[in-house]
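S.K.: Would you be able to build a 3D model of this:
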Amino acid sequence: MDTATVLAQRWLPGIDTMLGQVRTLFVGVLLAWPVFGLWGLSDTSGDAAVAGAVAAVLFPVWIFIGYRRQRFPAWSWIVEGACVCLIAEACDFGATIGLIFAWVCFRSLYGEVREKYLAATVLCALAVVAIVVYSAEPRDAVPLLFTALLLVGANHVLARGCIARDRVAYRRRTMASVGSGLVAATTRAEAMEVTMRAALQMDRAVTAALIFKIAGPALRVAAVTDEAGVDTLGWVTEYDRLPEVIRAELRPEGYAIIEGPAAAETTEVLRLPRRDVVAVAPLTANGHAFGMLVLTFDRPPAGDLSDAMVTLADSAALTLDQLLSRTRLGIVVEYSPDTLILAAEAGSIRFVNPAAATLLGCQSGDLLGRNLWSLVNEEDLTKLIDSGSAEAPPTAVPCRLRASADAGWAEVEALVKRVTEHDGSRSIVFTARDVSDRHQLELELRHAQKLESVGRLAAGIAHEINTPIQFVGDNVRFMESAFADLDRLLTAYRELVAAGPDPAGFEAARQKVDEVASEIDMDFLMEDIPTAISQTLEGVVRVANIVRAMKAFGHPGTEEKSPSDLNEAIRNTLVVAANEIKYVADVEADYGDLPLVYCHLGDINQVVLNLVVNAAHAIGSADRGRGTIRVRTRLDDDGYVTIEVADTGTGVPPEIADRLFEPFFTTKEVGSGTGQGLPLVRSLVTDRHGGTIDFTSTEGQGTVFTVRLPVGGAGDPQHGDMAEAAV
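M.R.: Reported below is the predicted structural model:
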């Protein structure tokens, strides 16, 4: 069943109130007719009687089925007309006059105009058959035909009128229910669900309803239902691509309905299934459109939708804006790490957030009603009050807070702002941030970051060296056993030589040589000893490479920048970090042709290591199986070297993207990270080298970190010359 049919079936029960009553009246007559009509066939015999009796039974059954389904196929006019003709012929037309008129009246209440032309054709055909085949008098048949045609037209107009009346009443009831639903909504998702449900009930021709959020130059799908599909959620398109007729109506009380090519163009811009009718109403707040309600139709809607759509859009916009403001305020206050206190002008505390209670080590209820200034150290009180009384913007003032005399002082930086509320009363907004151990903690965490890297590298290197050492040891033990076996064979050969010309002794010695060669499996030894030697040498080379990479990575360097081969440094770093990577991802490296770069090589090693290890952890957290880490270097035309580290991990959620380089911020579990990895990377790149670091990310698909370093090093006298040479 297609979407339009589903929508029509969902919509019809709500609007066909009066029309349903009229249809029920006529169908009752039709279903009662066989009681009388079959009696009219009692005096008839032969094939005509049998055909008439069958038609008299099948006809009401078909009518009842169509009534239950609330629709008839257009071709059924022909079949029904044939049944009526058979019944009329069997009972000599006398008993079927009432049937014909009841049938015409009932069936005229279904279908569009084009079906009525078919109905008129069928009725004319019945009149012709009656006159030509059954010798009916034209003076009887023509008036009956004319009356039937009038009934077709009259009942069609009656049906359209009933539908129009019911449609208006239903839309009014829908708008009334939407208002109560939006008032009851506690989240934006609930409000949009109520709006979508009401939008689908606007007209039976509706195929999809969407809410687009306008975010600067972009449009993003915020809610969707039916034909467009849930996969449409989050789709982004360009606002400027919308037709001008729609953009002009994105204002308070605006409304646009477009058809034909313009509608097709609009659906293409909005990435929707192609439709020839689209209606748009803006979602506005404070005089500006922040979104739009879009309906698509498979045919022009019945009646004028402007009032209903504008009312629905305005109601939804008001509720969404209020919920958004309420939600944002609640989130800011509830999850703010800073202490937030609202007090009366005299200092009586009216509200505190959870962070305030946490900082002061008490329950929020214990602070309500207390005087704000009683929490502040007396030595800091004067300067804090003065800072809030000054005309200039408030500045952070170091001070000490505590909730009780037996509690320790919490060192904070506080802001005081006096504000006027909507009722004219004056209040104090007090904001404080705990900074008691910040500087010491920063130093300790930086040191911990370096120790963490060293410890992780040591464990990884030990593991990487252990594997080749194991198979080197196994091969050496094999060669020790093989040497003992070969020594036995050599001893047997010596005895063979010592046997001399004595035939008996020579034969015995020769047999012993054969026995020893068979026991030690000489063919196996000759085949596997070279392989063991080759594997042993390979293991030694691997260990040597790891040690060489570790030495290069761990070189302390100097405080002066020096020209360095970044590609070689990255290769060494990947070797060192191999144990962190190999269980979760494959590494794809693409090294560009780079000049020597003036840098602190140890810092760059640390930068690449942190980015690669973070990429491995992101892939592991995604839990989608083995991923890929791509490392790429290139020389840009502006004299900068670019290092890209891309992963196929979890990606960075938009809500934390701005905090990724903040000190102490981490997305890892407690004990798994200090939150200093990326802040350290940014410090090493920007502060130590005058470069830049940025990232792009798609949540659920992965992240790409991009590091750009000047070839000559920021502030180095060689920088300009080397940049020109690089270009």
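S.K.: Report the mean per-residue pLDDT for stretch 283-292.
M.R.: Mean pLDDT, stretch 283-292: 88.
S.K.: Let me see the residues that make contact with it.
M.R.: 211-214, 219, 222, 246, 250-252, 254, 280-282, 293, 313-314, 316-318, 320-321 (CB atoms under 8 Å, 6 or more residues apart in numbering). From N, CA and C alone the C-beta is placed, and that goes for glycine too.
S.K.: tell me which residues in stretch 309-323 are buried?
M.R.: Neighbour-count burial for stretch 309-323 flags 309-317, 319-321, 323 (criterion: 16 or more other CB atoms under 10 Å).
S.K.: Now secondary structure too, for these, in JSON lines please.
M.R.: Output for those, formatted as JSON lines (DSSP: H, G, I helix; E, B strand; the rest coil):
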{"residue": "309", "secondary structure": "helix"}
{"residue": "310", "secondary structure": "helix"}
{"residue": "311", "secondary structure": "helix"}
{"residue": "312", "secondary structure": "helix"}
{"residue": "313", "secondary structure": "helix"}
{"residue": "314", "secondary structure": "helix"}
{"residue": "315", "secondary structure": "helix"}
{"residue": "316", "secondary structure": "helix"}
{"residue": "317", "secondary structure": "helix"}
{"residue": "319", "secondary structure": "helix"}
{"residue": "320", "secondary structure": "helix"}
{"residue": "321", "secondary structure": "helix"}
{"residue": "323", "secondary structure": "helix"}
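S.K.: JSON lines please, covering the residues you listed and showing distance to residue 50 and pLDDT.
M.R.: Shown next, in JSON lines, are those (distance: CB to CB, whole Å; pLDDT from 0 to 100):
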{"residue": "309", "distance to residue 50": "58", "pLDDT": "86"}
{"residue": "310", "distance to residue 50": "62", "pLDDT": "87"}
{"residue": "311", "distance to residue 50": "60", "pLDDT": "86"}
{"residue": "312", "distance to residue 50": "58", "pLDDT": "86"}
{"residue": "313", "distance to residue 50": "63", "pLDDT": "87"}
{"residue": "314", "distance to residue 50": "66", "pLDDT": "88"}
{"residue": "315", "distance to residue 50": "63", "pLDDT": "87"}
{"residue": "316", "distance to residue 50": "63", "pLDDT": "87"}
{"residue": "317", "distance to residue 50": "68", "pLDDT": "88"}
{"residue": "319", "distance to residue 50": "67", "pLDDT": "87"}
{"residue": "320", "distance to residue 50": "68", "pLDDT": "86"}
{"residue": "321", "distance to residue 50": "72", "pLDDT": "86"}
{"residue": "323", "distance to residue 50": "70", "pLDDT": "84"}
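S.K.: Return the member of these nearest to residue 410.
M.R.: residue 323 (35.2 Å; CB to CB).
S.K.: Might you report the residue contacts of that closest one?
M.R.: 185-188, 191.
S.K.: rerun that using 7 Å as the cut-off
M.R.: 185, 187-188, 191 (CB atoms under 7 Å, 6 or more residues apart in numbering).
S.K.: same thing with residue 164?
M.R.: With CB under 7 Å, 6+ apart, residue 164 has these contacts: residue 303.
S.K.: got it, and residue 569?
M.R.: Per CB under 7 Å, 6+ apart, neighbours of residue 569: 601, 604-605.
S.K.: now, among these, which is nearest to residue 510?
M.R.: residue 605 (65.4 Å).
S.K.: Distance-wise, check that closest one relative to residue 577.
M.R.: 10 Å (CB to CB, to the nearest Å).
S.K.: Compare the two and say which is more crowded by neighbours.
M.R.: Neighbours were counted for residue 605 and for residue 577 using other CB atoms under 10 Å; residue 577 has more, 28 against 24.
S.K.: element containing the nearest residue to that one once chain neighbours are set aside?
M.R.: Spatially, and ignoring its direct neighbours in sequence, residue 577 is nearest to residue 612 (5.2 Å; CB to CB, 6 or more residues apart in numbering). In the assignment (DSSP states H and E), residue 612 maps to helix 601-622.
S.K.: Run through the neighbouring helices and strands of that helix.
M.R.: Applying 3 or more CB pairs under 7 Å, 6 or more residues apart in numbering; DSSP states H and E, one finds that helix 601-622 contacts helix 566-576, helix 578-581, strand 627-635, strand 640-647, helix 677-682, strand 702-710.
S.K.: got JSON lines for the ones you listed, with mean pLDDT too?
M.R.: Below are the helices and strands packed on helix 601-622 laid out as JSON lines (pLDDT from 0 to 100):
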{"stretch": "helix 566-576", "mean pLDDT": "82"}
{"stretch": "helix 578-581", "mean pLDDT": "76"}
{"stretch": "strand 627-635", "mean pLDDT": "91"}
{"stretch": "strand 640-647", "mean pLDDT": "92"}
{"stretch": "helix 677-682", "mean pLDDT": "77"}
{"stretch": "strand 702-710", "mean pLDDT": "91"}
